[in-house]
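In: Sequence and predicted structure are below.
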Amino acid sequence: MAERRLVNVMVFAARPLRVLLLRRPPERAAGWQSVTGRVEPEDAHGPAPAMLRGPPATPEVPTLVRACLREIAEETGLGPPLELIDLGRESSFVGYDGVTYRQRTFAARYADATPPLHTPEHEEGRWVGAEEAMRLFTWETDRESLRALLAAW
């Protein structure tokens, strides 16, 4: 069975804490989620960004960090965050396409809640507080990732 590597990124702004949620359309497994995407071959190349905070790095972490930054840019149009936090959380699940995904969770801190660009992957983007995010997230993996962010922050 096929397995793919994913990154999950809780994009947030502090004071007060706001989390960016993106809503997928019906043809893409509708629901509210955080920035999520596959690690692509091109993510394996290039310098490791210096904005990472979190557990001791493994050889895979620079590739995952580059994937996070690329996915944030593709899905939101936002530039690099002030800080990227490795929340050290690994999960796996079988997607709506029948593929097994292994996902590593990060958090990306921004100075303010800049509106995201509209992209074909999502119908809407919305900055919300943690309680509202917990209610709106479609998948438990996103709620668990938000809990990890709240514990780390």
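Out: Arrived safely, thanks for sending.

In: where do the strands sit along the chain?
Out: Listed in chain order, the strands of the chain (DSSP state E) span 3-13, 18-24, 31-33, 35-38, 52-53, 83-94, 100-110, 124-128.

In: Show me the one of these that comes nearest Thr63.
Out: Thr63 lies closest, by CB to CB, to one member of these: strand 3-13, at 8.6 Å. C-beta here means a position set from N, CA and C on the backbone, and glycine is covered the same way.

In: quick one: buried residues of that closest one?
Out: Using 16 or more other CB atoms under 10 Å as the burial criterion, the residues of strand 3-13 that qualify are Arg5, Leu6, Val7, Asn8, Val9, Met10, Val11, Phe12, Ala13.

In: which one among the residues you listed gets closest to Tyr101?
Out: Using CB to CB, those come closest to Tyr101 at Leu6, 4.9 Å.

In: Val99 is in contact with that closest one, correct?
Out: No. With contacts counted by CB atoms under 8 Å, Leu6 stays clear of Val99, the gap being 10.1 Å.

In: Quick check: Arg136 touching Trp32?
Out: That one is not Arg; residue 136 is Leu. Yes. If you go by CB under 8 Å, Leu136 and Trp32 touch, sitting 4.4 Å apart.

In: More neighbours: those two, which one.
Out: Trp32 (20 against 17; other CB atoms under 10 Å).

In: who's in contact with Ala108?
Out: Val9, Met10, Val11, Phe12, Val35, Cys68, Ile72, Pro81, Glu83, Leu84, Ile85 (CB atoms under 8 Å, 6 or more residues apart in numbering).

In: And the pLDDT at Thr119?
Out: Thr119 is assigned 75 on the pLDDT scale.

In: How much space separates it from Pro25?
Out: 11 Å (CB to CB, to the nearest Å).

In: and if you look at Val9?
Out: Counting by CB to CB, the separation of Val9 from Pro25 is 20 Å.
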